[in-house]
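In: here is my input, please return the structure:
(one chain, ligands or ions: 1)
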Amino acid sequence: MNIVMIASECAPVAKVGGLGDVIYGLSRELALRGNTVEVILPKYDCMQHNHIQDLTISFQDLWVPWNNGAIRCTVWSGEVLGLRCHFIESHSQEHFFNRGGFYGYPDEAMRFAFFSKASLEFLLKTEKRPDIIHCHDWQAALVPVLLYEVYQQAMPHQRVCYTIHNFRHQGIVGADILTATGLNRPEYYVQPEKLRDDFNPHALNLMKGAIVYSNFITTVSPQHAWEVRNTEQSYGLGNTLHAHQNKFSGVLNGLDYEVWNPNIDPLIPAHYSVDNLQPKYENKRILREQLLLRKDFKPIIAYVGRLDAQKGVHLIRHGLFYALWNNAQFVLLGSSPERGINDYFWHLKHYLNDNPDCHLEIGFNEELAHLIYAGADMLIVPSIYEPCGLTQMIGLRYGTVPIVRPVGGLADTVFDRDNSDKPFHERNGYIFQQDNYAGLESAMSRAIGLWHDYPDDFHKLIDNGMRADHSWNISGQHYLNIYEYIKYK
Ligand code: ADP
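Out: Alright, predicted model coming up:
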């Protein structure tokens, strides 16, 4: 099958969070199964260009219709760890993708509406006619709308699968986006059964548009697919999902086992596996050395991830202090686009600067992330909202026992050692239901207690986690089934 992914991230060239990992991991899995997979991305000036091989111009003057005129683009193509990627560079006055960062600009909707339009123009002009166009998140949400309403004649056979990685960001925009992209009948699109936002009659909701227009919609875990239909976690899209539930399902994200494999990971000093765990403790030693933690008989508990309200920032902070009060060490790696949260963690870092049992690293650091997964004993993921979550799966893969709140994919992947309907060999971590300090403490105290008092039982948990399969193997097949289904429907 011929598949084109359209997304705003792809690891390792352009990665902010899990979306980047998923685009690369899923694409690679599909390619390994004999499909032709290409990825279309914006050409950000801040990309990690060193990860692209043979980057050359593949389309010199791509004129993209825009606002009654057209904007010239250059399309660059190259290989990212063996995956064919196309990067759209726009020569607009607004310098859409030359901002020094990936996200966080006031004209965000226009930037990615342009990207969606340019991606389709690229397919049109290069005569690429994939069987499946797989779009991701609000940034690529206009693709199915434009495909059906503008490009239908030229591309009548292309089918769209649309994956929602995060319902919290939907692309709520003004109607000016319609004129810019050539969707010229506002009265037609600003209808409740089309793009009109359910809570603001004057606004368009791009994610809603994608749900309406795509041939199939997925979100990133079965539990989250249930949550968004039955709780407020769809952030207002519940009715739309119900109306389209026959083409909606949850497919659990996988991990790319080439990238996340402690036995071959080039970013960690000592390689290990489930049958040879000892070198993990060499990573722990080096992690302590690198972060100036004291050598002591204590577990290291870690947090790696964005510092965002959805991740339970207050619980992360509390987990840090609880670890310090209870015979454990704590390492944090994270950053936030929100100034207030970032400042808060900088403040905390200064406050704890002389504490030999903890280290806070504020920023994005792929290499340190790998060392933390390899060197820590436990990982906390106290999310309030989590569509899937990759860090707990990475933790499991690296023998770092996850302590999580069971929302979204966390509920599908982590099973409590003491309270679960799973058999013992599938129990792999600790969970707590309540999003409060008492809940977190109950799980952390059990985990720290087991580590100190019953090391053999703790090893059994590590073993269970490392033996489970969280690769793309199963989910890759799920996506292929969906593609087949919509291709011949
Ligand atoms: P989300 O997509 O909500 O950010 P996920 O758990 O799905 O969360 O994915 C997070 C991914 O981003 C993981 O690969 C994690 O290691 C990585 N990551 C997050 N923050 C950082 C950071 N500050 N430095 C390095 N890697 C990070």
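
In: can you list the residues of this structure near the ligand?
Out: The chain comes close to the ligand at residues 17-19, 21, 304-306, 333-335, 364-366, 369, 388-391, as judged by CB under 6 Å from any ligand atom. (C-beta placed from N, C-alpha, C; glycine too.)

In: all strands of the stretch 201-350 of the chain, in order?
Out: Applying DSSP state E, counting those that start in this stretch to the stretch 201-350 of the chain gives strands spanning 204-205, 216-219, 248-250, 300-304, 329-334.

In: export those strands to a markdown table and append columns for mean pLDDT, distance to Leu277 and mean neighbour count.
Out: Output for those, formatted as a markdown table (pLDDT from 0 to 100; distance: least, CB to CB, whole Å; neighbours: other CB atoms under 10 Å):
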| stretch | mean pLDDT | distance to Leu277 | mean neighbour count |
| --- | --- | --- | --- |
| strand 204-205 | 98 | 48 | 26 |
| strand 216-219 | 98 | 35 | 25 |
| strand 248-250 | 98 | 33 | 19 |
| strand 300-304 | 98 | 15 | 26 |
| strand 329-334 | 98 | 19 | 25 |
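
In: any of the residues of the chain next to the ligand buried? List them.
Out: Burial by neighbour count, judged by 16 or more other CB atoms under 10 Å, picks out 17-19, 21, 304-306, 333-335, 369, 388-391 from the residues of the chain next to the ligand.

In: which of those residues fall within helices?
Out: Within those, membership in helices is found for 18-19, 21, 369, 391, as judged by DSSP state H.

In: the stretch 251-400 of the chain: helices as residue ranges?
Out: Along the stretch 251-400 of the chain, the stretches classed as helices by DSSP state H, counting those that start in this stretch are 280-291, 313-325, 339-351, 366-375, 391-397.

In: comparing the ones you listed, which comes out most buried?
Out: Of all the helices of the stretch 251-400 of the chain, helix 391-397 carries the top mean neighbour count, a mean of 26, counting by mean count of other CB atoms under 10 Å.

In: check which helices and strands it sits against.
Out: In this structure, helix 391-397 makes packing contacts with helix 366-375, strand 378-381, strand 401-404, helix 409-413, helix 455-467, judged by 3 or more CB pairs under 8 Å, 6 or more residues apart in numbering; DSSP states H and E.

In: can we see that at 6 Å?
Out: For helix 391-397, the contact count by 3 or more CB pairs under 6 Å, 6 or more residues apart in numbering; DSSP states H and E identifies strand 378-381, strand 401-404, helix 409-413 as packing neighbours.

In: want to throw the ones you listed into a markdown table with mean pLDDT, mean neighbour count and distance to Pro299?
Out: Supplementary listing: the helices and strands packed on helix 391-397 in a markdown table, determined by pLDDT from 0 to 100; neighbours: other CB atoms under 10 Å; distance: least, CB to CB, whole Å:
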| stretch | mean pLDDT | mean neighbour count | distance to Pro299 |
| --- | --- | --- | --- |
| strand 378-381 | 98 | 29 | 6 |
| strand 401-404 | 98 | 26 | 9 |
| helix 409-413 | 98 | 24 | 20 |
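
In: pLDDT score for the closest residue to Asp265 other than its chain neighbours?
Out: Nearest in space to Asp265, with sequence neighbours left out and distances taken as CB to CB, 6 or more residues apart in numbering, is His370 at 5.8 Å. We have a pLDDT of 98 for His370.

In: ok, now the one 3 residues further on?
Out: You'll see Tyr373 listed with a pLDDT of 98.

In: so how far is Asn215 from it?
Out: 37 Å (CB to CB, to the nearest Å).

In: same question, Lys280
Out: The spacing between Lys280 and Asn215, counted by CB to CB, is 45 Å.

In: please apply the same query to Thr413.
Out: 28 Å.

In: same check on Arg306?
Out: Where Asn215 is concerned, Arg306 sits at a distance of 31 Å (CB to CB).

In: what's near enough to touch Ile341?
Out: Contacts here follow CB atoms under 6 Å, 6 or more residues apart in numbering; on that basis Ile341 touches Leu307.

In: ok, Phe122 next?
Out: For Phe122, the contacting residues are Val75, by CB under 6 Å, 6+ apart.

In: by contact count, what packs against the biggest strand by length in the chain?
Out: Counting by DSSP state E, the longest strand found in the chain is strand 52-66. Strand 52-66 sits against strand 69-80, helix 108-125, with contacts defined as 3+ CB pairs under 6 Å, 6+ apart.

In: mind listing what's buried in that strand?
Out: Across strand 52-66, burial judged by 16+ other CB under 10 Å covers 52, 59, 62, 64, 66.

In: what do you get for stretch 227-243?
Out: With burial defined by 16+ other CB under 10 Å, the residues of stretch 227-243 counted as buried are 227-229, 233-234, 236-238, 240-241.

In: then stretch 250-257?
Out: Taking 16+ other CB under 10 Å as the basis for neighbour counts, the residues of stretch 250-257 that come out buried are 250-257.

In: of those, just say which sits nearest to Cys10.
Out: Distances from Cys10 to those, taken as CB to CB, are shortest for Asp256 (11.5 Å).

In: thinking again about what came up before, angle of the longest strand of the chain against helix 108-125?
Out: Per axes from the mean of the first three to the mean of the last three CA atoms, to 10 degrees, the angle that strand 52-66 makes with helix 108-125 is 100 degrees.

In: tilt between strand 52-66 and strand 69-80?
Out: With the same axes, to 10 degrees applied, the angle from strand 52-66 to strand 69-80 works out at 160 degrees.

In: how far away from the center of its chain is strand 52-66?
Out: Per CA atoms, centre = their mean, to the nearest Å, the displacement of strand 52-66 from the mean C-alpha position of its chain is 26 Å.
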